[in-house]
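J.: got a sequence here, can you build the structure:
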Amino acid sequence: MSPGPALFLRGLAVGFSIAAPVGPIGLLCIRRTLAESRLAGLATGLGAACADAVYGAVAAFGLSWVTRVLVGQQLAIRLAGGAFLVYLGVRTFLKRPAERAAEAGGAGLAGAFASTFFLTLTNPMTILSFVAVFAGLGLGAGSGGGGGAALMVLGVLLGSAAWWLILSGAVARLRSRFDARRLGWVNRLSGALIAGFGVFALAGSFRIAGRVR
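T.: Below you'll find the model as predicted:
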């Protein structure tokens, strides 16, 4: 196999494997798919996929100065991301289930996309994960030149998007089994877990702040 397709397939595998572990974004995707629509869940996941592609580009093109800036500002980034997670969690916990599924409108889908794009970008561990994985696989700026790096980034984007397509599609099959009462429990459980992720991120920020002092 020539270097180009091989690099694309490796990027595909990296994007899929980094997206697959269920965290706050996965919970948001599941809840929005159940409470709103499959498109809302998919838009949620695609926001994360695009952010993964941004960080994949940083790792693939060897933009070490971007990595240094992000790591250097991780306190502020963690605070912003943690606070936003707590806000989303509390809002989800208190949200009353709709009597009928919401229409998948442009503004709603854009909001779902933007919120997870922001949340993924405000996780400094994402860029570190990509740098570590790319280095471990011998990938990066020297692998196939600029064209090879671009193929890897495309692979990361499509691999991550494939996971969110699978997850939202699988969850959408269960929507008919969830009445208003069950959706209420989904809101409370997912809201509490998402807020918990936010509290954990904020606690990590305070530990970082303590070390800086």
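J.: could you look up the SS state of the nearest residue to residue 165 once chain neighbours are set aside?
T.: Distance criterion Cβ to Cβ, 6 or more residues apart in numbering; nearest residue to residue 165, sequence neighbours excluded, is residue 42 at 6.3 Å. (C-beta placed from N, C-alpha, C; glycine too.) With DSSP: H, G, I helix; E, B strand; the rest coil as the basis, residue 42 sits in helix.
J.: and the gap between residue 42 and residue 168?
T.: Separation of residue 42 from residue 168 (Cβ to Cβ, to the nearest Å) stands at 4 Å.
J.: what touches both of these two?
T.: In terms of Cβ atoms under 8 Å, 6 or more residues apart in numbering, residue 42 and residue 168 are both contacted by the residues 29, 33.
J.: flag the shaky bits of the protein, pLDDT-wise.
T.: 1-4, 63-74, 97-107, 124-125, 128, 131-146, 179, 205-213 (pLDDT under 70).
J.: if we go to 50?
T.: Along the chain, segments meeting pLDDT under 50 span 1, 99-104.
J.: and the helices in it?
T.: For the chain, the helices defined by DSSP state H occupy 3-19, 24-35, 38-60, 64-72, 74-94, 106-121, 124-136, 145-172, 180-212.
J.: let's have the ones you listed in CSV, adding mean neighbour count.
T.: Shown next, in CSV, are those (neighbours: other Cβ atoms under 10 Å):
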stretch, mean neighbour count
helix 3-19, 19
helix 24-35, 24
helix 38-60, 25
helix 64-72, 13
helix 74-94, 18
helix 106-121, 18
helix 124-136, 17
helix 145-172, 20
helix 180-212, 16
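J.: work out the gap between stretch 178-186 and the centre of the chain.
T.: Distance, stretch centre to chain centre, for stretch 178-186: 25 Å (Cα atoms, centre = their mean, to the nearest Å).
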